[in-house]
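*Asks:* Sequence and predicted structure below; questions after.
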Amino acid sequence: MCPGLSAYKHFRVMPLLAFAFQPCGARLACMLRWIFLFCLLPVPALAQSPVLQDHHLSYAPRSAAELASAESRTTPTVDFSGPEPGENVPAGGATTPRSQDDRVFSAPSANLSQDREVDFKLGRALFHRPWSPAQGLSTPSDGLGPLFNARSCVACHIRDGRGHPPHNGDATSFLLKIAKTGENTGPDPVYGHQLQDLSVQGHAPEFKLRVTYKEFPVTLADGQTIKLRQPKYHVDQLGFGPLDKKTVISPRIAPQMIGLGLLEAIPVEDIVANADPLDADHNGISGRPQVVFSQEFNAPMLGRFGHKAAAATIKSQSAAAFANDIGISTPLHPQGWGDCTAAQNECRAASHGNSAVDGGTEISTEGLRFVTHYARNLGVPARPDAGAASILLGKKVFYKSGCSACHHPKFVTHKLPDQPELSARLIWPYTDMLLHDMGEGLADDFPEGVATGREWRTPPLWGIGLTQQVSGHNQLLHDGRARSLLEAILWHSGEAETAKRKVVSMSSAQRRALIAFLNSL
Ligand code: HEC
Ligand code: HEC
């Protein structure tokens, strides 16, 4: 149907992607567009796209021998008789001890030099700092809000782990992103990029969040019944009038913070190599790279962070968090009013903490660098049990069930002369960093970047067995609806339907082994 596909190998992908995901009115126009794109955007063009680049890293090119070595070290194993080399240290030399306390996610990369550990501690201070409102006199640290979701980063990323869904009136570590869909997509004209449920004195908060759950049973092949809970989000007490009819909401729990610098250091080409947008291998699993326009580098880049991978870098994600979650300005979001829109003029006119001391913003370039360095270097704990027979059995079940098709076991990071602790490491994050259609049950109908309302980025599974220890709960998935690893798996559908069915129909011994393997990560 499309002759000469290979001629398009080096076609520039970004303008095509942008074109593909623009809203289109008439049905015929849409069809013609997709036929056109189907011919122009074959898998090789995506996989070998010369366009997406790691602008955020100063990496040294890999030699042919290094490339070959990385490829052989990351080929999925077929031997489950013993642990693989390096499997017990998922972050290589950066791996931290698997301590028994709730601070196990808070240690820096084990191989951080003393100087760089000082920067890590400066970043930690900013991550933990509870910001206060501007006093009008603008001392360098002031400038919370006027609207905000939390006063500090750590209030959501609790003990550097994940947050939790709203509970007993505490919705702090959870947020609702919002966007207008339809002809004119973008932030909500009145409420902005997300809803803030807190505000400084003299300003009304935007809303109050309530969640209710409806339970339904799922019966496994061995007769066991598991109850899943379907959340419903209620947006109450909207302070600035009803939401626009075309505005949709997306509930998000704060994710765990470990190993992020390593995920940021995976070569883009190694991630894109696993994409299979047209499911050419007919395994039911496609996987698409998120592509976002980076203001930081003025270029399209691979999206890596957030539940739909809408942020290309840790720095841009952190700056957006300062602006939208806390109402603190940085050089990437210089306005002192955070997420207040032009329609919220009192909020925009309120005093803020932008000050010359910090280069004109509430946090300086240096401050943002420290926080970014901190978020890059929260270490991944070791896996001392990786070689235990019961764990290896669970690992085999994991592979044979098709989990590893998305929860991709291992990568080798870029060679990074300026980040030696993260450089050229064999890492075991169990994510492909790609977007997958996870079915109707998990869908939020919220498009973001090129992600549709049914797509989510595969989350890394490293450290997932420590969730209870760090967070005191096991509430998983993008909105914390799952209350256990098994519930999280049973919510999988769409591209993961076959894998989920395997888990439903396997023996309870196999399922126990699978869960034990996940708990060992
Ligand atoms: C109100 C709660 C909240 C606060 C406060 C908050 N975050 Fe987050 N954080 C989130 C949520 C929710 C996400 C997922 C966002 C998404 O899906 O787009 C996230 C994602 C991230 C990620 C990407 C993690 C990943 O695995 O993809 C980083 C990095 C991050 N936050 C850093 C920070 C920093 C730095 C601060 C402080 C400036 C901060 N966050 C403050 C809720 C919060
Ligand atoms: C088609 C790709 C795909 C397959 C196959 C898949 N997953 Fe997932 N997995 C995802 C995505 C995407 C999410 C996030 C969904 C969400 O948050 O709504 C996820 C979430 C999870 C979570 C929760 C993670 C967290 O941090 O909250 C666990 C646990 C998990 N998967 C385990 C498994 C297991 C075990 C299998 C095999 C039986 C499997 N997955 C198969 C894509 C996949």
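*Replies:* Okay, I see it. These numbers were taken from a predicted model, which means no experiment stands behind them. Numbering: from 1, shown residues only. Ligands and ions are numbered 1, 2, ... in the order given.

*Asks:* for the closest residue to ligand 1 within the stretch 201-350 of the chain, what are its contacts?
*Replies:* Ligand 1 sits closest to residue 306 of the stretch 201-350 of the chain, with a gap of 2.8 Å, by Cβ to the nearest ligand atom. Yep, even glycine has a C-beta here, placed from its N, CA and C like the rest. Shown in contact with residue 306 (Cβ atoms under 8 Å, 6 or more residues apart in numbering): 252, 317, 448, 457.

*Asks:* Three-state assignment for the first one, please.
*Replies:* Translated: residue 252. Three-state call for residue 252 (DSSP: H, G, I helix; E, B strand; the rest coil): strand.

*Asks:* circling back to that earlier point, got the confidence number for the residue of the stretch 201-350 of the chain closest to ligand 1?
*Replies:* Model confidence at residue 306, given as pLDDT, is 98.

*Asks:* Flag every residue of the stretch 251-400 of the chain that's near ligand 2.
*Replies:* 285, 398 (Cβ under 6 Å from any ligand atom).

*Asks:* ok, now with 8 Å
*Replies:* For the stretch 251-400 of the chain, the residues in contact with ligand 2 (Cβ under 8 Å from any ligand atom) are 255, 256, 285, 287, 307, 398.

*Asks:* Once you drop chain neighbours, what's closest to residue 516?
*Replies:* residue 394 (4.8 Å; Cβ to Cβ, 6 or more residues apart in numbering).

*Asks:* my guess is the one you found contacts residue 515, does it?
*Replies:* Yes: with contact defined as Cβ atoms under 8 Å, residue 394 reaches residue 515; the gap is 7.1 Å.

*Asks:* Mind checking which of these two has more residues around it?
*Replies:* Set residue 394 next to residue 515 and count neighbours by other Cβ atoms under 10 Å: residue 394 wins out with 23 against 18.

*Asks:* Pretty sure that one sits in a helix.
*Replies:* Yes: Residue 394 forms part of a helix when assessed by three-state DSSP.

*Asks:* From here on, call the first residue 45.
*Replies:* Got it, the first residue is 45 from now on, which makes the last one we talked about residue 438.

*Asks:* which residues does it contact?
*Replies:* With Cβ under 8 Å, 6+ apart, residue 438 has these contacts: 556, 557, 558, 559, 560, 561, 562, 564.

*Asks:* Name the nearest of these relative to residue 395.
*Replies:* Checking those against residue 395 by Cβ to Cβ gives residue 562 as the nearest, at 48.9 Å.

*Asks:* Would it be right to say that the closest one lies in a helix?
*Replies:* Yes: per three-state DSSP, residue 562 lies within a helix segment.

*Asks:* got the residues of the stretch 145-294 of the chain near ligand 1?
*Replies:* Near ligand 1, when you scan the stretch 145-294 of the chain using Cβ under 8 Å from any ligand atom, you find 170-171, 192-201, 207, 216-219, 221, 294.

*Asks:* ok, 5 Å please
*Replies:* 193, 194, 197, 200, 219 (Cβ under 5 Å from any ligand atom).

*Asks:* Quick check: of those residues, which has the highest neighbour count?
*Replies:* Top of these by neighbour count (other Cβ under 10 Å): residue 193, with 29 neighbours.

*Asks:* these two touch, right, it and residue 236?
*Replies:* No: with contact defined as Cβ under 8 Å, residue 193 does not count as touching residue 236 (12.0 Å).

*Asks:* which neighbours do those two share?
*Replies:* Joint contacts of residue 193 and residue 236 (Cβ under 8 Å, 6+ apart) are residue 368.

*Asks:* buried ones in stretch 462-476?
*Replies:* Neighbour counts over stretch 462-476 (16 or more other Cβ atoms under 10 Å) mark 463-476 as buried.

*Asks:* Neighbours of residue 542, how many?
*Replies:* 15.

*Asks:* For it, give me its contacts.
*Replies:* 328, 446.

*Asks:* wait, is it part of a helix?
*Replies:* Yes: the assignment for residue 542 is a helix, going by three-state DSSP.

*Asks:* Which pLDDT value goes with residue 56?
*Replies:* For residue 56, the model assigns a pLDDT of 40.

*Asks:* Residue ranges in the stretch 45-194 of the chain under the pLDDT threshold?
*Replies:* Within the stretch 45-194 of the chain, the segments meeting pLDDT under 70 span 45-94, 180-185.

*Asks:* Swap in 80 and give it another go.
*Replies:* 45-95, 180-185 (pLDDT under 80).
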